[in-house]
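*Asks:* Sequence and predicted structure below; questions after.
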Amino acid sequence: LDLDSQLARALDKDELRVYYQPIVEVSTEDVVGFEALVRWVHPQRGLILPIEFIPVAEETGMIIPIGEWVLRQSLAQAQKWRTEAPGAEDLSISVNLSTLQLQDPDFLGVVEDALTQTGLDPMALHLEITETMVMNDVEAAMGTLHGLRSLGVRLSIDDFGTGYAALSYLSRLPVQTIKIDQSFVKGLGGDDPHASSIVDAIVSLARALDLDVIAEGVESAEQLRELRRIGSRLAQGFLWSRPLAPEEIPEWLGAPS
Ligand code: G
Ligand code: G
Ligand code: MN
Ligand code: NA
């Protein structure tokens with residue numbers, strides 16, 4: 001059987017899981033939120049990562065129900081932590097979107113309903129989009145993005161620096177956060193002085209536009225040191241944690257690194 005027909009049944013068969021990767025403050029290493037990352041636990045093939053099945057889900061349109069499921073799951077989970085885990089009342093939850101969701105006329109209603117159903121503070125929800133997603137259909141995307149902002153939801157540009165959007169779009173987009181792509185973070189603290197210069201430039205740009213900034217893919221103490229020097233406010237990466245199953249989170253919150 002092929003992946004696409006199996007994926008069509010994966011939701012009903014309860015084979016999808018949402019994992020959560022902590023996002024921390026660079027200065028204190030306190031956790032401020034989590035990014036939701038979907039996984040497929042395939043009965044024969046084991047764990048399948050999104051890089052393999054999200055493109056299939058986008059081709060078949062399955063990304064619409066899958067994306068809605070991830071959203072509802074993540075919001076319910078975040079609300080549970082915020083109301084039940086000590087010290088977790090301000091945690092944010094970041095959810096990745098696909099182009100098709102952004103173009104779906106029902107999407108705004110789904111987000112509004114998920115917020116109402118779970119009772120999550122809209123300001124605790126960060127939706128991650130990429131430059132490329134917006135550039136596909138700027139006007140339609142702008143309408144949805146402004147609608148989301150009216151709900152109180154926050155927006156992040158994911159994989160910043162890897163898309164083809166002109167910088168002028170950044171000031172037009174109603175976003176609050178830039179996520180520095182891990183390809184730029186990888187070189188920090190190494191031999192290439194340009195790596196620090198690029199991250200420094202992105203952090204300066206964020207500051208000039210009054211945007212928050214998250215460095216992605218932080219794996220080493222040297223990279224963290226360099227981010228402290230540069231002044232990136234937030235970070236995420238294997239240095240703190242890989243994406244975790246929800247049942248691992250309460251213990252992790254209780255005893256951060
Ligand atoms: O967790 P991992 O590093 O394998 O994720 C790889 C890619 O899959 C990332 O680019 C991430 O944005 C994307 N991804 C993960 N979860 C979701 C999701 O729920 N929806 C969408 N559209 N993309 C996701
Ligand atoms: O594109 P997006 O940023 O949504 O995807 C995040 C991806 O990066 C996920 O697949 C996640 O598993 C992966 N990731 C998170 N932290 C690290 C890290 O420190 N190093 C590497 N190599 N990948 C990471
Ligand atoms: Mn992301
Ligand atoms: Na990214």
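*Replies:* Noted; the coordinates are in hand. All figures in this text were calculated on a predicted structure; none of them were measured in a lab. Numbers count the residues shown, from 1 in each chain. Ligands and ions are numbered 1, 2, ... in the order given.

*Asks:* Every contact and neighbour count from this point should use C-alpha atoms.
*Replies:* Will do.

*Asks:* Just give me the neighbour total for the closest residue to Asp90 other than its chain neighbours.
*Replies:* Distances taken as C-alpha to C-alpha, 6 or more residues apart in numbering place Arg82 nearest to Asp90, at 6.5 Å, with adjacent residues excluded. For Arg82, the neighbour count with other C-alpha atoms under 10 Å is 19.

*Asks:* What residues sit buried inside stretch 243-256?
*Replies:* Pro243, Leu244, Pro246, Ile249, Leu253 (16 or more other C-alpha atoms under 10 Å).

*Asks:* Which of the helices or strands spans whichever residue of the chain sits closest to ligand 4?
*Replies:* The minimum distance from the chain to ligand 4, using C-alpha to the ion, falls at Asp159 (3.8 Å). Per DSSP states H and E: Asp159 is located in strand 154-160.

*Asks:* Could you pull up the residues touching the residue of the chain closest to ligand 4?
*Replies:* Counting by C-alpha atoms under 8 Å, 6 or more residues apart in numbering, Asp159 touches Thr130, Lys179, Ile180, Asp181, Gln182.

*Asks:* Which other helices and strands does the host helix or strand of Phe34 contact?
*Replies:* Per DSSP H and E, Phe34 falls inside strand 31-42. Packing partners of strand 31-42 (3 or more C-alpha pairs under 8 Å, 6 or more residues apart in numbering; DSSP states H and E): strand 16-25, strand 46-48, helix 50-60, helix 63-84, strand 92-96.

*Asks:* That strand - what's its average pLDDT?
*Replies:* The average pLDDT within strand 31-42 is 97.

*Asks:* quick check, that strand touching ligand 2?
*Replies:* No. Figure legend: strand 31-42 not in contact with ligand 2 (C-alpha under 6 Å from any ligand atom); closest approach 6.7 Å.

*Asks:* Can you give the distance of that strand from its chain's centre?
*Replies:* Distance of strand 31-42 from the chain centroid (C-alpha atoms, centre = their mean, to the nearest Å) equals 9 Å.

*Asks:* That strand close to ligand 4?
*Replies:* No. Counting by C-alpha under 5 Å from the ion, no contacts exist between strand 31-42 and ligand 4, the nearest distance being 10.3 Å.

*Asks:* Quick check: the gap between the residue of the chain closest to ligand 4 and Val95.
*Replies:* Distance of Asp159 to Val95, given as C-alpha to C-alpha, to the nearest Å: 14 Å.
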